[in-house]
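*Asks:* model this:
(chains A and B)
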Amino acid sequence: MTSLAPGRALRAAEPSAPPTRGPRRRRASSRRSLLGLAMASPALLLISVFFLIPVVLTFWMSLHNWPLLGNPRFIGLDNYTRALGDDNFRSALKFTLIYTVVITPVLLVLGLFLALLVRRPVRGARFFQSVYFMPVCIGLASGSFLWLYLGQSQIGPLFDLLRRVGLVNSSSNLFAGGSTALGLVIAMVTWKVVGLQMLLLLSGLQSIPDEVVEASRIDGAGLWQRFLHITLPLLRPTLALVLVFSVAGSLLAFDQFFIMTGGGPSNSTITAVYQIYRISFNGFRLGYGAALSVLLMIILAAVSAVQMLLLRNTDHN
Amino acid sequence: MGNRRWRITALLSGVLLTVAACGGGGDSGSDDADDAAPTGTISVWARDSQQVFMSKLVELYNSKHEVQAKVTVIPSASFVQKLGTAASSGSGPDVASIDLVFAPYFASAGALEDITELADGLPYKDALSPSHRKLSTFEDTTYALPFTAEASALYYNKDLFEKAGLDPEKPPTTYAEMRDAARKIRALGKDYYGFTFAGACGGCNVFEFTPHIWASGGEVLSEDGKSASLDSSQVTAALQHYRDMWTDGSIPSAAKNDAGTQQIPLFTSGKVGMTALGAFAIPSMEEAKVDFGVTPLPGQDGGSSSFAGGDVISVMTGTKNQTGAEDFVKWATDAEAQDFLAHNGSVPVRTDLVPTIYAPQGAPYKVFGDLMGVGKTPYSVVENPIFNDNNGPWIKMINDATFGGDIAGAQAAGQQAAQALIDEAG
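*Replies:* Okay, here's the model as predicted:
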């Protein structure tokens, strides 16, 4: 978002530039555009090598029957027609959507709550900022293994705690129940990423001008009214940014389920990426896996586009 | 600048020369008469589970041969993918030790060299593990030699058997006896369980559950691997057996999501009566000082069977040193190498050597050694997606039937999904 601002400023400044014409200006402008290209080229190169070329290759692979070993065979759009009728992929997509719908509000509300808590300029706010942010620095896989141990029946400390509170009995197994397994994963992911959301929202909160808040206070607005009518509307761009990040991350979830639930119980927690992994690396059907990846990318792009659109509208209000 | 460029050129040509030298060595070896000893270097890929013995085994080989082998250890979980990608891009090793269930797949994909002549020329070829030999053959051509073996059997805790009033020298021989023993051990106390298995691990259960079906006269796949038979009555009976032990309360709930990591700790804790494992578990049991016995996995009304696991060893297509690679592969099955393996955690693949080099190490060793000759292995180019995939049809069927109870429904779903995978592979 902030990266757009300088560009906008430049464009706004252009009409006011003196309307001189002639070869000198043209030479200057062509030099300028060359310079721009030169400065953008490292990024362009990186994007080409690590994004554009792989995407094109993925699409090329998706048009083939492409085994791990042996020769690929061109089959046109067969992989796509098959994907549309693939029940396993559909249920994986459905589960991914459910997971996203459940976890997004949890992260957003909790992240905002934490940001409001640590915003106040009291001593210790910095300390708690660091504490809440700390799990973000831990790898997702390490975090998953940690929680796998914590929640394990009989041996896990978290399990023991829940047992003492009386929420579970000693013979039960949290990873063996569909909702409890999902609950544990959501708890882990929340612990792991809520700190980042808190930090992003905190920067949004701090960009709200003090004068506005003060003016509303003078006008007699209460705490709740200030939050509802001042903080939230002014925070919308940041909220939208956090939302796009969060939703994209959830739609691409894989590691946490692969490690913590192994897709179980009874294959009920297989996400879209997990299913792509299975097709490609357990079934060795790289072409079909590529087709599913392309479909997921389209879905992701559509969801992000819808969110961006909403963001733009609110921005102009 | 110029200096550096020169150095790179020199380095590159050096590499090229080395490659040419290796290739030359291989070529001249195959052109010359057979008595010319193979030379050069070879690379060997193995899985991390073989790390303990593999490097020592290669040292033993290098100390006595002109050819020098170098081992690269690959993580088990990604071995097939890594070997597959390396082979398809031409950067694979000269020799690979492959889990035998994957041999048909690699052979069918053209990644392995035809070594039929070499295999047929071995004086002890009929004494090699029959299941390994079968899995090494694809369309009447031999692509691999048996290398290491593993068998599955039922471990039982003799102490608990005695406490529960069972005869520790008479382990169960039918489903009914096994269920009864499990129930009696469960009755010993709140924390005691009769039996456990890895309910979320496909590979574990093809190793530990299929023997029940085979021992009862059933199959999970047809002989040629073209049709699945997960809906047969023998599969029903075996699933019912697990289901019964679960409803009796004899199985701990930890089994539901055990991905194969909890079986040994649960058994060595001394509070679980029985579990099915391979010879690889013997050291853990001895270390934990559990008084255990090993008995073949029983069928419904008697009989017994075992899964013949382990590795086969192959010369990879595109090797630069074929004679060197063939020499290593051949040596891996001879008495010296097998004797070394037998004392370093592997069941030998030579049935003729089992009585002299393996069985004398103790009673459990004898059981595994004997089982190796009778063990079976499902033959399929889609073994991985059907059986070893932890979200595949096989483990889903067992988990749903045991813990859910709808055995017929689980079987129908498993059969349909497994057959679909076979049909897709063509």
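
*Asks:* pretty sure residue A:132 is touching residue A:196, no?
*Replies:* No: judged on Cβ atoms under 8 Å, residue A:132 makes no contact with residue A:196 at a distance of 9.6 Å. (Glycine included, C-beta is placed from N, CA and C.)

*Asks:* Compare the two and say which one has the larger neighbour count.
*Replies:* residue A:132 (23 against 20; other Cβ atoms under 10 Å in any protein chain shown).

*Asks:* For the more buried one, which residues are in contact?
*Replies:* Taking Cβ atoms under 8 Å, 6 or more residues apart in numbering or on different chains as the criterion, residue A:132 is in contact with A:114, A:118, A:194, A:195, A:198.

*Asks:* element containing the second one?
*Replies:* Spelled out, it's residue A:118. helix A:87-119 (DSSP states H and E).

*Asks:* do that helix and chain B meet at all?
*Replies:* No: Helix A:87-119 lies out of reach of chain B by Cβ under 8 Å from any Cβ of the partner chain, never closer than 8.7 Å.

*Asks:* Moving along the chain from whichever strand or helix holds residue B:71, name the first helix or strand you hit.
*Replies:* Assigned by DSSP H and E, residue B:71 falls within strand B:68-74. Heading C-terminal from strand B:68-74, the first helix or strand you meet, by DSSP H and E, is helix B:79-88.

*Asks:* Can you show me the strands along the chain?
*Replies:* Here I'm looking at chain A. A:64-65, A:73-74 (DSSP state E).

*Asks:* Wait, chain B was what I had in mind.
*Replies:* Going by DSSP E, chain B shows strands at B:41-47, B:68-74, B:95-99, B:137-138, B:141-142, B:145-157, B:193-196, B:272-278, B:292-295, B:297-298, B:304-305, B:308-315.

*Asks:* Can you name every helix or strand that the second one contacts?
*Replies:* So the one you mean is strand B:68-74. strand B:41-47, helix B:51-64 (3 or more Cβ pairs under 8 Å, 6 or more residues apart in numbering or on different chains; DSSP states H and E).

*Asks:* pLDDT score assigned to residue A:254?
*Replies:* For residue A:254, the pLDDT comes out at 96.

*Asks:* neighbours around it, how many?
*Replies:* Neighbour tally, residue A:254, other Cβ under 10 Å: 17.

*Asks:* Same question for the one 10 residues further on.
*Replies:* Using other Cβ under 10 Å, residue A:264 has 25 neighbouring residues.

*Asks:* residue contacts, it?
*Replies:* Residue A:264 neighbours (Cβ under 8 Å, 6+ apart): A:175, A:176, A:181, B:200, B:256, B:257, B:390, B:391, B:399.

*Asks:* For chain B, what's the nearest residue on the stretch 1-150 of chain A?
*Replies:* Taking Cβ to the nearest Cβ, chain B has its nearest neighbour within the stretch 1-150 of chain A at residue A:69, 3.4 Å off.

*Asks:* Report how many residues lie close to that residue.
*Replies:* Residue A:69 has 18 neighbouring residues, counting by other Cβ under 10 Å.

*Asks:* Quick check: closest non-adjacent residue to it.
*Replies:* residue B:109 (3.4 Å; Cβ to Cβ, 6 or more residues apart in numbering or on different chains).

*Asks:* The one you found contacts residue A:70, doesn't it?
*Replies:* Yes: the criterion here is Cβ under 8 Å, and residue B:109 meets it with residue A:70 at 4.5 Å.

*Asks:* Which one's more surrounded, the two?
*Replies:* Shown here are residue B:109 and residue A:70; by other Cβ under 10 Å, residue B:109 has more neighbours (20 against 16).

*Asks:* where does the chain dip in pLDDT?
*Replies:* Let's take chain A. By pLDDT under 70, the weakly predicted segments of chain A are A:1-26, A:312-317.

*Asks:* wrong chain, I was asking about chain B
*Replies:* Ranges of chain B meeting pLDDT under 70: B:1-36.
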